[in-house]
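Novice: I would like the atomic coordinates for the input below:
(chains A and B)
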Amino acid sequence: MNFPILSTIIFLPLLGALFIFISNKKNESSSAIYISIFTSMANLLLTFFLWYSFDKSFSGFQFIEEKNWISGLIKFKLGIDGISILFIVLTAFIIPICIISCVISVKKRLNEFLIAILILETFMIGVFCSLDLIIFYLFFEAGLIPMFLIIGIWGGPRKIYSAYKFFLFTLLGSVLMLAAIIFIYWAVGTTDYTEIYKLKIAKEYQYLLWLAFFSSFAVKTPMWPVHTWLPDAHVEAPTAGSVILAAILLKMAGYGFLRFSLGMFPIASEFFTPLVFTLSIIAIIYTSLVALMQDDMKKLIAYSSVAHMGFVTLGIFTFNKQGIEGSMFQMISHGIISAALFLCVGVLYDRTGSRMIKSFGGVVNYLPNFSLIFIIFVLGALGLPGTTGFIGEFLVLLGAFKINYLVAILASTGVVLCAAYMLWMAKRVVFGNTNNTIVTKLKDINFLEATILIVLCLVSIVFGFYPEPLLNTMDISVNGIIQNHQNELTVNLINK
Amino acid sequence: MEYLVIFLPLIGSIITYFGKSFGNLFSQIFSCSMVVISAVISCFIFYDGLINDNYGNYLIFEWISSGNLNVNWSIKIDPLSSVMIMVVTSVSALVHIYSIGYMSHDPHKPRFMSYLSLFTFSMLCLVVSDNFLQLFFGWEGVGLCSYLLIGFWFKRETANNAAIKAFIVNRVGDFGLAIGIFIIFLIFGTLNFEEVFLLVPEFTKTNLGIFGGEYNVITLICVFLFIGAMGKSAQFLLHTWLPDAMEGPTPVSALIHAATMVTAGVFLVVRCSPIFEYSQFAMNLVAITGMITALFAASVALVQNDIKKIIAYSTCSQLGYMFFAAGVGAYHIAMFHLFTHAFFKALLFLGAGSVIHAFHEEQDISKMGGVWKKIPYTMILMLIGTLALTGFPFLSGFYSKDAIIEFAYLKDTSVGYYACSVGVFTAFLTAIYSWRLFFKTFLGKYNNKSIPIEKTHDSPLVMIIPLIILAIGALLAGYFFKDLFIGNNSTFWNESILFLDFVKLENIPLWLIIITPTIITLAIPFSYFLYIKDKTILDGVKNSNLPLYNFLLKKWYIDELYDFIFIKPLKKIGIFFWKKGDQDTIDRYGPDGISKFIKFISNKAIQFQSGYIYDYAFVMLIGLSALITYLILN
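Specialist: Numbering: from 1, shown residues only, chains lettered A, B, ... in the order given. The predicted structure is shown next:
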């Protein structure tokens, strides 16, 4: 196919942002709303078309586009496989929802907010399409800027502190990754991922390079102990910001581990597995216990995100089919469920201006429809079978159990703790008696809010019962990753 | 047809929930009719299987396939599941109908009916599963419905707490079940029942290194599966949620916490009999846990005053019976007891609901008494339930309970003899607490000061009719089904249950056949004397053994123990990690530390750039002199 569909999907939102910028008028945002919804929906349809025309039986990269950028040095190379396609669809699916939620709740500088979201969409889809390390790095880091602005401009009272903390943490890791990419260029002579994949990086370099990439991805995941930026960022970010952060930005790290750490440094990945397992287990248990004691709903969900992402890193480094597919599934599931939970908190925050658990109670009396949806997502988050949350966690634990019994058993305790903090929160917010008179005056969710939440809800339940479309799409590519990993290890053994 | 049985309750649930606008009457009639149709079909399936041997496995669609893991949604109809389907749908149908009357004053009827139907669907998914994962789906699904229904009156703080407790204690059990499933997949590479059961005999000698030791895989699998069963069936140590679950509406207690959901653990053990049979250790563990639970729960039930809690502990104790029956290898009798128990325990719970209804939501039996003339139907029905529970001759409990005791004796092993004696002794305790409940509720003096006796009333017909049907079951089910379920020549269970070595002894001594009926018959006048005629003896016993009495009244202090060793420390650790770990360590030395350090450095650097010429001149002078020194020294 000659039509550059990937570039179109990447740059269409940017074009939309440009249109909004040109037609920007003070105190007038209806045209901006239409443009942003139109572009994001068009992009969603394009990604569906992409998914539809994607060849699931082919393990390599498809829809490859290649252009020289700086000749002989950097190529603008794009391409997707069964792993990245799902993240692209997820991104294109979440963005319209964010835009609608912004339209409902953002009161100041809406046009600029929409521009930031559309630019962010460009960068995020770019991350999942890039096949050149430099391009990947550019998109990966550029995504920080709109997010930094979203937290810093539309955030809560401590927005500046949180924005800087977010920026500092993520930049710190990224600098090391940049150094590693430059080193790879000198060592291999190219930054084209497919070339590096074929040429292989010498074993003795792999360890340091792995650590450099790890430091960047670990912060973004976030893994313990570099997770503390996430609760702060979530608490201060506006609802749409939290949704994007939880649903997509965190997934870039998981994607990075799968694509780059496993693909380029198989021997180092195997070597550092105990480290990743230990950190994942700590993340799951430690943050679950911390989540138990939170009194701010957003903070609680943020900590639960850290625990859920612990399952993701655990699964990726099992190097077996169930573990990796489980991780992929867990990322997509978390993208949907945590996004929905943040939207739910946003619904309450828009109405009362509070996110504190103790200022609610008995919400179900006044917002019955909202409560139903909220409870469904709480159940999804705690991994009830029949929702996507279960399939991800179950496959990860099944995969982990093949590798290490103790790790799987310890991680399973996280499932019990998750039930405890999620249900305890639901009890204190939704059920019980109403102590706060503000709650008694609240109105139930309106049509727009209900629409986006119900769509998320259906996606979570449908794929919970019938996950085949997702598992099928990633199947061959995951096999490729595992195959490559095993080949490298055997080669390594023979060389010894 | 098999599909209809499973999906009618689901359709009922969904339409009832979202059809609130059609009114209460619609929701009640619609959900009831769905479940009743399902029950009728299930009886037909049972009959069809029995007569025409029409069993099979119906695939719905593929659920998960990942590598060598392939799991389907399917409906497996075999003797075991056909019995379970029949029990679940018929009790559920009766409870649905009863709820129309019981919940008549509640503003949220559609929601309640919807949850009940959803529960029925989940429970059916559990019993018809042909693999461990769909079973797990149903397992968690019934847990969810139990959570929703216990917390149905969401304004009550206690109800909410009980709901969460039920879910989390069950999750602890599910954790064990999940690990059991992981090991099964690791060893056998499949989660399908039939495939696993075929492979089991080949792996009886395989060991697995775990927790620093080598253990037999079959034993490990059984132990972890049994932890799951303990959680769901409220066995000792994981039983704490069941008495608290009585916060839910009474129909819920009857359906979920007596007749169906709590028996899922027994079902699991029976379903996995082809695995359990190969591990003597696991069998003994099941038997011993069952015995402890049977004794423990019966002892606690002796002193409780809440009518529903007494019956809840009684359920716990009867589940103990089923487990030690399974543990000595009497799976078919465990299923038989499950079957009869569903009738008489649902009857007792619904009867208790009727009593509570009569007393306007009063549950304390010390505030009842002497009302048998006012509520004669309820009294008679409760009498039948009590007789059946205690195992009075020729009622349904008699056949199943005595069969357990006799089978344990015939097994001729030490565990078998223990089980036999525990069975007899617990039967005695059961009789005492059951009659205590009955006498204190219906006979003696009227003790309630807040409600005058004239205001107590019998229940409406819509509540009494389901009770009568259950009473017929409690009277006759044992007699009619005993030959089929536990008869010596019955081939009913066929391949759905595996027996490796059946009983050793042939003949049961006469004294064993007579002892239990005699004891429980003597218990009737005995407890009548104690609880109605002469209460001073009992007070004397109580006062002289006050510590023991309190020990029983406080349920062996197990809740307090858990609070002390789990809940409080976990909360403290949570706060410690958050305040000390995240805030005082990671943030303080991480981002905040770095930014402070940079600020400190830059403050120093700022001082250099003072803007005064003499400062710069001074620095230049120092530099110059340093340079000259360096040059001279070289």
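Novice: Any figure for the gap between the residue nearest to A:Gly60 when sequence neighbours are not counted and A:Ile481?
Specialist: Excluding its sequence neighbours, the residue lying closest to A:Gly60 (CB to CB, 6 or more residues apart in numbering or on different chains) is A:Asp81, at 6.9 Å. Every residue, glycine included, has its C-beta placed from N, CA and C. Noted for A:Asp81: a distance of 9 Å to A:Ile481, by CB to CB, to the nearest Å.
Novice: With B:Phe407 instead?
Specialist: For B:Phe407 relative to A:Ile481 (CB to CB), the value is 55 Å.
Novice: burial measure for A:Ser130, as a count.
Specialist: 24 (other CB atoms under 10 Å in any protein chain shown).
Novice: Wait, it touches A:Lys75, no?
Specialist: No: counting by CB atoms under 8 Å, A:Ser130 stays clear of A:Lys75, with 10.4 Å between them.
Novice: what residues are up against the residue nearest to A:Gly60?
Specialist: A:59-62, A:477, A:480 (CB atoms under 8 Å, 6 or more residues apart in numbering or on different chains).
Novice: could these go into JSON lines alongside distance to B:Gly623 and pLDDT?
Specialist: Formatted as JSON lines, these follow (distance: CB to CB, whole Å; pLDDT from 0 to 100):
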{"residue": "A:Ser59", "distance to B:Gly623": "64", "pLDDT": "78"}
{"residue": "A:Gly60", "distance to B:Gly623": "62", "pLDDT": "81"}
{"residue": "A:Phe61", "distance to B:Gly623": "58", "pLDDT": "84"}
{"residue": "A:Gln62", "distance to B:Gly623": "63", "pLDDT": "83"}
{"residue": "A:Ser477", "distance to B:Gly623": "62", "pLDDT": "87"}
{"residue": "A:Gly480", "distance to B:Gly623": "61", "pLDDT": "86"}
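Novice: most neighbours, which of those residues?
Specialist: Counting by other CB under 10 Å, top hit in the contacts of A:Asp81: A:Ser477 with 25 neighbours.
Novice: Longest helix in chain B, by number of residues?
Specialist: helix B:157-188 (DSSP state H).
Novice: Output the very next helix or strand once past that helix as PDB, nothing but the C-alphas.
Specialist: Using DSSP states H and E, the helix or strand that follows helix B:157-188 in sequence is helix B:193-199. Extracted in PDB, the C-alpha atoms of helix B:193-199 (Å, rounded to 0.1, in the frame of the first residue of the first chain):
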ATOM      1  CA  PHE B 193     -11.500 -31.300  33.800                       C
ATOM      2  CA  GLU B 194     -11.500 -34.400  31.600                       C
ATOM      3  CA  GLU B 195      -8.000 -33.900  30.300                       C
ATOM      4  CA  VAL B 196      -6.600 -33.200  33.800                       C
ATOM      5  CA  PHE B 197      -8.400 -36.200  35.300                       C
ATOM      6  CA  LEU B 198      -7.000 -38.500  32.600                       C
ATOM      7  CA  LEU B 199      -3.500 -37.300  33.300                       C
END
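Novice: Contacts only, for B:Leu4.
Specialist: B:37-38, B:41.
Novice: Ok, A:Ile160 next?
Specialist: The contact partners of A:Ile160, taken as CB under 8 Å, 6+ apart, are A:Gly152.
Novice: Ok, B:Tyr321 next?
Specialist: B:290, B:294, B:337, B:401, B:404, B:423, B:426.
Novice: how about a cut-off of 10 Å?
Specialist: For B:Tyr321, the contacting residues are B:266, B:290-291, B:293-294, B:298, B:333-334, B:337-338, B:341, B:397, B:400-401, B:404-405, B:419, B:422-423, B:426-427, B:430, by CB atoms under 10 Å, 6 or more residues apart in numbering or on different chains.
Novice: again with B:Thr456
Specialist: So B:Thr456 contacts B:355, B:357-360, B:362, B:368, B:370-371, B:374-375, B:446, B:448 (CB under 10 Å, 6+ apart).
Novice: Pretty sure A:Phe370 sits against A:Glu449.
Specialist: Yes: judged on CB atoms under 10 Å, A:Phe370 makes contact with A:Glu449 at a distance of 7.9 Å.
Novice: Any idea what B:Lys76 is bridged to?
Specialist: B:Asn57 (DSSP bridges).
Novice: out of everything not next to it in sequence, what's closest to the closest residue to chain A within chain B?
Specialist: Nearest residue of chain B to chain A: B:Gly67, at 3.1 Å (CB to the nearest CB). Among residues not flanking B:Gly67 along the chain, A:Lys321 sits closest, at 3.1 Å (CB to CB, 6+ apart).
Novice: so how far is A:Gly82 from that neighbour?
Specialist: 13 Å.
Novice: so what sits against both of these two?
Specialist: With CB under 10 Å, 6+ apart, A:Lys321 and A:Gly82 have common neighbours A:475, A:478-479, A:481.
Novice: Around chain A, pick out the residues from the stretch 1-150 of chain B.
Specialist: Within the stretch 1-150 of chain B, the positions adjacent to chain A are B:17, B:20, B:60-69, B:71, B:73, B:108, B:111, B:122, B:125, B:133-134, B:136-141, B:143-144, B:147-148 by CB under 10 Å from any CB of the partner chain.
Novice: try it again with 7 Å
Specialist: B:62, B:64-67, B:69, B:136-137, B:140-141, B:144 (CB under 7 Å from any CB of the partner chain).
Novice: Of those, select the buried ones using a ChimeraX command.
Specialist: Applying 16 or more other CB atoms under 10 Å in any protein chain shown to those, the buried members can be selected in ChimeraX as follows:
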select /B:64,65,66,67,69,136,137,140,141,144
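Novice: Determine which two of the residues of the stretch 1-150 of chain B next to chain A are furthest apart.
Specialist: Pairwise distances across the residues of the stretch 1-150 of chain B next to chain A (CB to CB) peak at 28.6 Å, for the pair B:Gly67 and B:Leu144.
Novice: After whatever helix or strand A:Leu118 lives in, which helix or strand is next?
Specialist: A:Leu118 is part of helix A:110-129 when elements are defined by DSSP H and E. Counting by DSSP H and E, the element after helix A:110-129 in chain order, helix or strand, is helix A:133-142.
Novice: contacting residues around residue 62?
Specialist: Since no chain was named, I'll use chain A. Each residue near A:Gln62 by CB atoms under 7 Å, 6 or more residues apart in numbering or on different chains is listed here: A:54-55, A:79-81.
Novice: The intended chain is chain B.
Specialist: Neighbour list for B:Glu62: A:468, B:72 [criterion: CB under 7 Å, 6+ apart].
Novice: Which stretches in the stretch 1-150 of chain A count as strands?
Specialist: Secondary structure of the stretch 1-150 of chain A, counting by DSSP state E, counting those that start in this stretch: strands at A:62-70, A:74-80.
Novice: highest average neighbour count across the ones you listed?
Specialist: strand A:74-80 (a mean of 21; mean count of other CB atoms under 10 Å in any protein chain shown).
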